[in-house]
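Trainee: here is a sequence with its predicted model. Questions after.
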Amino acid sequence: MKKTPTLLLAIFMIGFSSNLILAQELNQAFLNSLPKSIQEDFLSSEDDDMLTDNFNDRPETRIQKIESGIDSIKDQIRTIESQINREEGADDLIVFGSDFFSSYQSSFSPTNQQNFSSDYVLDVGDILTIQTVGNLSINKKVNVSRDGTINIPNVGIIFVAGLSYEKAIQTIEEYVAKKFLGIEVFVNLESARDMSVLLVGNAEKPGIYTLPGGSNILSLLHAAGGINENGSYRTIFHKRNSQIIQTIDLYDVLIKGNLSFISPLRSGDSVVIGSVKRLVAISGGINASAIYELKDGENLKDIISFAGGLAEGADEAIIISKANGDLITLAIDKALSLDLNHGDSVKVALFSPLPQKISTVTLSGAVKKPGIYSFDNGTTLHEIISKAGGYHEAAYPHGGALYRKRAAEMQKEIFEKTYNALINYLASGTGTGGLTSPSNQNLQTILAELKASEFKGRLSAEFSPRMIADDPSLDTVLVDGDKIHIPFFVSDVYVAGDVLNPGGRRYSSNSSAFDYINESGGLGRFADKDRIIIIKPDGNAVVVKPKRFAYGAVDPIQPGSTIYIPKEIGKIEGIAYTATLAPIISSLALSLASLNSIK
């Protein structure tokens, strides 16, 4: 049986507040007689005493430890402040697109088998595979020669340089069809030539790059390490023969996902990355916080669009921190056409509701629908029981139990303080030979029971529907994690402790506590007749003396009650022990039986 001490702390502290005696060596025989786990508690107590004794000898060591702990806490505070600043400010925002090339495919060459688009332009160095089916059988790889032609055996010479892949296939098919009837031609681009492209301007690594055929502007930029901090993602010039053939806006790729370029790269082309003109930061209640580049004519509406639109929960107000230090607060609908300058910062107000934890209670035992129930704040015990269909016909509400985690934690805290105080007292050797005698089996038993204590956190609660109907204030408000158990009716009374035959006895409305003790063989030799405990089914306990039974001074024993008779330890420990420690250990025995934990 697990026992939970709850009343010992006050008794123990009163009993020892006037007994500050110098520590002496602990009796080794007594220490050896204790279980190993309890020995460790005593040895730990001695170490604490040693630290206390040496406190004045080495104060600098303790001061250093305290200062080290303070420095550690300061470091944690600085870390938390840094995280808050990152979340609240725009200092850590990056230029949109700057991380794209760091995660771009590590090889800018086409992967797996080459799959060229129909607008790929053939040129010197490309290799085609020509196959025919019909009267003429051809399966030949042919190169695009320096003069821009291919030579197909038994067919002839065809000019293909400068033609798109799709146009070249059409040209070859038409040429063969004119010379031969009933022949079907299949053309495949076996491999593409390498091409040299010049990259200048605001690239991380400008220069001449050799790329495989089919590579596009993204492949070139990746090979160059991307765009530098002064470069524009939206003004990239593609030049051929010293003429601008297209201006590339990478936002079409990065935001819209458009990978088609007006004119693919060709050998001899050059790419010029322009300089950025207007960078504006936006954060808060939008979907992609970053620093965006704006072209001429673009405003707040455009940057919100670039950022993926307003986030769920975005407020109607925005705060604009101007580059000159001015702070402007406007409603979004009135600010969409607002022009923004380089260095401005936009903060969209955001309401982000915190997810509410679902509170649950576990209901078991004699209810019609036991289980785990969720509930709202303010829900009471009887509301949950009603939600579970009410009590079972054989339920015993008077014995209902409510367990709460916080109550268990408090019981444990009280126990640990009390247990440590008891260990320190015993380890100090303030008692006589009776205290440290190896034959002190009862003390060992008490310590072992303390060590094995469990803490369930039972709370007193009213389980009677009639009582709640008369006074609703008696109903208990539930908290998350509560556990409720409603027992089925039992017609037993339990007798435990120092009796000859402890165990369950059949309930009788005419029987007193003394009757149940007699049915259990009577009090034992060392029974503490002055401290017999009656634990009611609802967990409340009372202490009575046997002589009061005869006068009817004790409330009737209820079904499911427990009668506990502790030992009077002082009877077997000697006069000196009785005078010093026995009353406290006896009080400890009483507390072990409290809160119905004996059952």
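Mentor: Looks like it arrived, so ask away. Numbers count the residues shown, from 1 in each chain.

Trainee: please give me every residue in contact with the residue lying farthest from the centre of the chain.
Mentor: Largest separation from the mean C-alpha position in the chain: K179, at 75.3 Å (C-alpha atoms, centre = their mean). Counting by C-beta atoms under 8 Å, 6 or more residues apart in numbering, K179 touches 155-156. All C-beta atoms are positioned from the backbone trio N, CA, C, and that covers glycine.

Trainee: do the same with Y403
Mentor: 456-459, 482-485.

Trainee: and with 7 Å instead?
Mentor: Neighbour list for Y403: 456-458, 482-483 [criterion: C-beta atoms under 7 Å, 6 or more residues apart in numbering].

Trainee: CSV please, covering those and showing distance to P355 and pLDDT.
Mentor: Formatted as CSV, the contacts of Y403 follow (distance: C-beta to C-beta, whole Å; pLDDT from 0 to 100):
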residue, distance to P355, pLDDT
K456, 30, 85
G457, 27, 87
R458, 31, 87
D482, 21, 95
K483, 24, 96
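
Trainee: out of the residues you listed, which comes closest to N216?
Mentor: D482 (63.6 Å; C-beta to C-beta).

Trainee: OK, contacts around M410?
Mentor: Per C-beta under 7 Å, 6+ apart, neighbours of M410: none.

Trainee: quick one, strands of the stretch 101-250 of the chain?
Mentor: Taking DSSP state E, counting those that start in this stretch, the strands of the stretch 101-250 of the chain run over residues 127-133, 139-143, 149-152, 156-159, 184-191, 194-201, 207-212, 231-240, 243-248.

Trainee: in its sheet, what does the third one sit against?
Mentor: Strands that pair with strand 149-152, judged by DSSP bridges, come out as strand 156-159 (antiparallel).

Trainee: quick one on the thing from earlier: give me the distance between the residue farthest from the centre of the chain and Q356.
Mentor: 80 Å (C-beta to C-beta, to the nearest Å).

Trainee: what's the answer for I532, then?
Mentor: 49 Å.

Trainee: mind checking the strands of the stretch 101-250 of the chain for the one nearest to E312?
Mentor: Across those, closest to E312 is strand 231-240 (C-beta to C-beta), at 27.6 Å.

Trainee: so what does the closest one touch, helix or strand wise?
Mentor: Packed against strand 231-240 by the contact rule (3 or more C-beta pairs under 7 Å, 6 or more residues apart in numbering; DSSP states H and E) you find strand 243-248, strand 270-275, strand 290-293.

Trainee: and Y516, what are its phi and psi?
Mentor: Note on Y516: backbone dihedrals following degrees, to the nearest 10 are phi -70, psi -40.

Trainee: secondary structure class for the spatially closest residue to D344 that is not a sequence neighbour?
Mentor: Counting by C-beta to C-beta, 6 or more residues apart in numbering, D344 lies nearest to V280, which is 5.0 Å off, once chain neighbours are set aside. Three-state call for V280 (DSSP: H, G, I helix; E, B strand; the rest coil): strand.

Trainee: start to end distance for stretch 521-536?
Mentor: With C-alpha to C-alpha, to the nearest Å as the measure, stretch 521-536 spans 22 Å from end to end.

Trainee: any idea how far that stretch is from the chain center?
Mentor: 51 Å (C-alpha atoms, centre = their mean, to the nearest Å).

Trainee: pLDDT (mean, whole number) over it?
Mentor: What stretch 521-536 shows for mean pLDDT is 84.

Trainee: circling back: let's have the helices and strands packed on strand 231-240 in JSON lines, adding distance to V124, mean neighbour count and mean pLDDT.
Mentor: Compiled in JSON lines, the helices and strands packed on strand 231-240 are given as follows (distance: least, C-beta to C-beta, whole Å; neighbours: other C-beta atoms under 10 Å; pLDDT from 0 to 100):
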{"stretch": "strand 243-248", "distance to V124": "20", "mean neighbour count": "13", "mean pLDDT": "93"}
{"stretch": "strand 270-275", "distance to V124": "19", "mean neighbour count": "19", "mean pLDDT": "96"}
{"stretch": "strand 290-293", "distance to V124": "38", "mean neighbour count": "23", "mean pLDDT": "95"}
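
Trainee: want to throw those into a markdown table with distance to A513?
Mentor: Shown next, in a markdown table, are the helices and strands packed on strand 231-240 (distance: least, C-beta to C-beta, whole Å):
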| stretch | distance to A513 |
| --- | --- |
| strand 243-248 | 96 |
| strand 270-275 | 96 |
| strand 290-293 | 78 |
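
Trainee: out of those, which is closest to G156?
Mentor: Per C-beta to C-beta, nearest to G156 of the helices and strands packed on strand 231-240: strand 243-248, 32.9 Å.

Trainee: that closest one: partners in the sheet, and parallel or antiparallel?
Mentor: Counting by DSSP bridges, strand 243-248 is paired with strand 231-240 (antiparallel).

Trainee: measure P206 to N135 for me?
Mentor: 55 Å.

Trainee: between the two, tell me which one has more neighbours.
Mentor: The neighbour comparison of P206 against N135 (other C-beta atoms under 10 Å) goes to P206, with 17 against 9.

Trainee: could you measure the residue farthest from the centre of the chain against A290, distance?
Mentor: With C-beta to C-beta as the criterion, K179 and A290 are 60 Å apart.

Trainee: I'd say K368 and A395 touch.
Mentor: No - counting by C-beta atoms under 7 Å, K368 stays clear of A395, with 9.3 Å between them.

Trainee: give me the more crowded residue out of those two.
Mentor: Each of K368 and A395 has its neighbours counted (other C-beta under 10 Å); A395 has more, 20 against 12.

Trainee: my read: that one touches A366, true?
Mentor: Yes - counting by C-beta under 7 Å, A395 does reach A366; the two are 3.5 Å apart.

Trainee: between these two, which contacts overlap?
Mentor: With C-beta under 7 Å, 6+ apart as the test, A395 and A366 both reach 486, 488.

Trainee: next up, the contacts around the closest residue to I565 other than its chain neighbours.
Mentor: Closest residue to I565 apart from its sequence neighbours, by C-beta to C-beta, 6+ apart: G497 at 3.7 Å. Counting by C-beta under 7 Å, 6+ apart, G497 touches 564-566.

Trainee: which residues touch L300?
Mentor: Taking C-beta under 7 Å, 6+ apart, one finds 335-336, 338, 340, 346 in contact with L300.

Trainee: where does the prediction get shaky in this structure?
Mentor: Applying pLDDT under 70 to the chain flags the ranges 1-69, 71-72, 74-76, 78-91, 103-117, 425-447, 449-450, 546-554, 569-599.

Trainee: what ranges do the helices span in the stretch 301-450 of the chain?
Mentor: Assigned by DSSP state H, counting those that start in this stretch, the stretch 301-450 of the chain shows helices spanning 332-335, 381-387, 405-427, 441-451.

Trainee: among those helices, show me which one is buried the most.
Mentor: helix 381-387 (a mean of 19; mean count of other C-beta atoms under 10 Å).

Trainee: and it, what does it pack against?
Mentor: Applying 3+ C-beta pairs under 7 Å, 6+ apart, one finds that helix 381-387 contacts strand 371-375.

Trainee: now the strand it packs on: how far from the chain's centre is it?
Mentor: The answer for strand 371-375 is 23 Å, by C-alpha atoms, centre = their mean.

Trainee: pairing partners for that strand, with directions?
Mentor: strand 359-365 (antiparallel).

Trainee: and the contacts of the partner strand?
Mentor: Residues contacting strand 359-365 (C-beta under 7 Å, 6+ apart): 370-375, 384, 388, 478, 480, 482-487.

Trainee: quick one, which of these are buried?
Mentor: 370, 373, 375, 384, 388, 478, 482-487 (16 or more other C-beta atoms under 10 Å).

Trainee: which of these sit farthest apart?
Mentor: F375 and P487 (22.3 Å).

Trainee: tell me where the stretch 451-599 of the chain has helices.
Mentor: 465-470, 513-519, 575-580, 582-592.

Trainee: from the contact counts, what lies against the second one?
Mentor: Okay, so that is helix 513-519. Counting by 3+ C-beta pairs under 7 Å, 6+ apart, helix 513-519 packs on strand 492-497, strand 562-565.
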